[in-house]
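In: this is a predicted model, with the sequence first.
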Amino acid sequence: MEDFEHMLKLINHILTTAPHWSDKSESVGMVGTPFNAILDWPMGTPSGYIAFIDPEVNAMWKKVLDAWAEFLTSPASAEVLGEDSHCWFGKVGTKELEMTANEAAGTSHEFVDLFHCDPSAKHHGYKSWDDFFTRPFKEDARPVASPEDDNVIANSCESMPYNVAYDIKLRDKFWIKGQPYSCLDILAQDPIAEQFAGGTIYQAFLSALSYHRWHSPVSGTITKAFVKDGTYFSEPLFGLYP
């Protein structure tokens, strides 16, 4: 990017563009979303690090990303799901999607055997980019280990292990993609962060090629307890997701 105005022009273009497949990008391991290209380098600088933990900066970026998220749920965003070389169901794109899913489980299935889709329909039956990106596995394609045993913690998404940090502090540094993270910042300064001090952090990398649905790592629901105006309240934070 040349300057701030150039960045705004790029953002305006991306807001009505779904991520295209690129054989060239895949060949150098750069499959991702276009906003990554705008944000990646600034986040790697000291000033960028400070900027991206500023609540006011993040509030503005949330508006931008919410607008893009709205487009990605629209039918227009499905245009990148064709079978041309620049689309996700082109020859190379399909092969990479299958390879990523099969490597995680040591299988050799085709895309249509792994995920819910309709290969005879336009865009494989996916109504939007978001519909494709959050595609569910077919039943029994990815069984969960010991689902009734809470002593077994399942990975919350289909990601690759990267790092484990023990006895973390609220304002601590554990790293991924070369960036420092802290529990307090991840939870946006929420008081619930204090409950995780002294705990363990597990970090993993989720590829753009991977299955992108999220699951609770244990059964049941994790709740947040708090007192307001002298009254005790308890509300769910997250539970099991399909």
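Out: Perfect, thanks for sending it.

In: now stretch 186-199: buried residues?
Out: A193, F196 (16 or more other Cβ atoms under 10 Å). To be clear about C-beta, it is placed using only N, CA and C from the backbone, and glycine gets the same treatment.

In: if you could redo that for stretch 105-125, that was the one I meant.
Out: Neighbour-count burial for stretch 105-125 [16+ other Cβ under 10 Å]: F111, L114, F115, C117, H123, H124, G125.

In: then stretch 122-139?
Out: So, applying 16+ other Cβ under 10 Å, buried residues of stretch 122-139: H123, H124, G125, Y126, S128, W129, D130, D131, F132, F133, R135, F137.

In: any figure for the gap between the second one and Y162?
Out: Note on H124: its distance to Y162, by Cβ to Cβ, to the nearest Å, is 31 Å.

In: next one: E79
Out: Distance, E79 to Y162, by Cβ to Cβ: 33 Å.

In: report the buried residues of stretch 165-177.
Out: The neighbour-count check on stretch 165-177 (16+ other Cβ under 10 Å) flags A165, I168, D172, F174 as buried.

In: okay, and K63 sits in which element?
Out: helix 55-72 (DSSP states H and E).

In: what are the contacting residues of that helix?
Out: 11, 14-16, 18, 35, 51-52, 77, 128-130, 133, 188 (Cβ atoms under 8 Å, 6 or more residues apart in numbering).

In: now, those that are in helices?
Out: Among the contacts of helix 55-72, the members falling in helices (DSSP state H) are I11, I14, F35, A51, W129, D130, F133.

In: now those as CSV including pLDDT and distance to S25?
Out: Output for the ones in helices among the contacts of helix 55-72, formatted as CSV (pLDDT from 0 to 100; distance: Cβ to Cβ, whole Å):
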residue, pLDDT, distance to S25
I11, 93, 20
I14, 92, 15
F35, 85, 14
A51, 87, 27
W129, 95, 17
D130, 95, 21
F133, 94, 17
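
In: which one of these sits closest to M43?
Out: Ranked by distance to M43 (Cβ to Cβ), the ones in helices among the contacts of helix 55-72 are led by A51 at 8.6 Å.

In: what residues are up against S85?
Out: W21, D23, K91, V92.

In: where's it relative to P191, distance?
Out: From S85 to P191 the distance is 51 Å (Cβ to Cβ).

In: for V57, same thing?
Out: For V57, the distance to P191 - Cβ to Cβ - is 22 Å.

In: and if you look at E148?
Out: 32 Å.

In: cool, I50 as well?
Out: Per Cβ to Cβ, I50 is found 23 Å from P191.

In: the strands in this protein, which residues?
Out: Residue ranges of the strands in the chain, as given by DSSP state E, are 160-165, 174-176, 179-181, 201-205, 222-228, 231-238.

In: show me the domain layout of this structure.
Out: Following automatic domain parsing, the chain resolves into domains at 4-133, 160-238.
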